[in-house]
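Novice: No sequence on hand, only this structure:
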C-alpha cells in the first residue's frame, strides 16, 4: 500500500519492508554501512525520513553471507537468497577491523573545549555555545572523548559543527615546576 506513515516517519512500503526483514545499510549491524553499499546490491529502495530521502534496503542474511559471517541455511531458498560469499568483501571487512584496532589514541590534558548544545525542533533549532576547561581529551579516529573537570564524560566527532579545542597555557606554578624538573636532568 503506497502512502506515507507520519507516525513512523517513512513510506508505508518502507514500513512493510522492515516487517519483511529488509533494512537500510546503517541498520544491518556488525558491518560498516559504506562496505555494505560497496559490495552488496540493494534488494529494494524506499522513501524514509521527514525529507523523504530515497534509501536502499538490504536483507541482513544476504549481507552476512556476502561478508562470510553466515552460511547458507535451510531457509535460504524460501526467502530467495542466491548470493555467495565474496572474497573481496571478506578481505575488506578484515582490513577495516584491523585498521580500526590499530588506530592510535592521542590524549591531551588541560584543554579548553568549545561546543554547541542544540535545542528546539528541527525547523526552529537554537544553540547554546559552551566553553570549559577539560581534564582530558582522548582522540581516536574521528572521535574525541572529553572528560570535564566535573567528571562528566561525552563524545564529539571532530567534524561536528562548533566543536573545537586548544591546549591551555600552563600556570606560573606549573612552568616553574617544569623548569626545576628540567634543571635536575
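Specialist: Now that the structure is in, tell me what you want to look at. Everything numeric here is computed off the predicted structure, so don't read it as measured data.
Novice: drop to CA atoms for contacts and neighbour counts, all remaining ones
Specialist: Will do.
Novice: how about low-confidence regions in this protein?
Specialist: Regions of the chain meeting the criterion pLDDT under 70 cover residues 1, 50, 72-81, 168-179, 181-185.
Novice: ok, which stretches of it are strands?
Specialist: 4-5, 10-11, 22-24, 44-48, 53-59, 105-120, 125-140, 143-148, 153-157, 164-167 (DSSP state E).
Novice: OK, contacts around the closest residue in space to residue 140 that isn't next to it in sequence?
Specialist: Nearest non-adjacent residue to residue 140, counting by Cα to Cα, 6 or more residues apart in numbering: residue 105, 4.6 Å away. Contacts were defined as Cα atoms under 8 Å, 6 or more residues apart in numbering; by that measure residue 105 touches 138, 139, 140, 141.
Novice: go with 7 Å
Specialist: Under the criterion of Cα atoms under 7 Å, 6 or more residues apart in numbering, the neighbours of residue 105 are 138, 139, 140.
Novice: these two touch, right, the first one and residue 107?
Specialist: So the one you mean is residue 138. Yes. Counting by Cα atoms under 7 Å, residue 107 is a contact partner of residue 138 at 4.4 Å.
Novice: More neighbours: which of these two?
Specialist: residue 138 (17 against 13; other Cα atoms under 10 Å).
Novice: Distance-wise, check the more buried one relative to residue 51.
Specialist: From residue 138 over to residue 51 the distance is 35 Å, taken as Cα to Cα, to the nearest Å.
Novice: go on, residue 134?
Specialist: Residue 134 is 37 Å from residue 51, by Cα to Cα.
Novice: Same question for residue 104.
Specialist: Residue 104 is 37 Å from residue 51, by Cα to Cα.
Novice: which of the two has more neighbours?
Specialist: A count of neighbours by other Cα under 10 Å puts residue 104 above the other of residue 104 and residue 51, at 12 against 9.
Novice: Any idea how many residues pack against the residue lying closest to that one once chain neighbours are set aside?
Specialist: Closest residue in space to residue 104, ignoring its immediate chain neighbours: residue 140 at 6.1 Å, by Cα to Cα, 6+ apart. Residues lying near residue 140 (other Cα under 10 Å) number 16.
Novice: And residue 140, how close does it get to residue 99?
Specialist: Counting by Cα to Cα, the separation of residue 140 from residue 99 is 12 Å.
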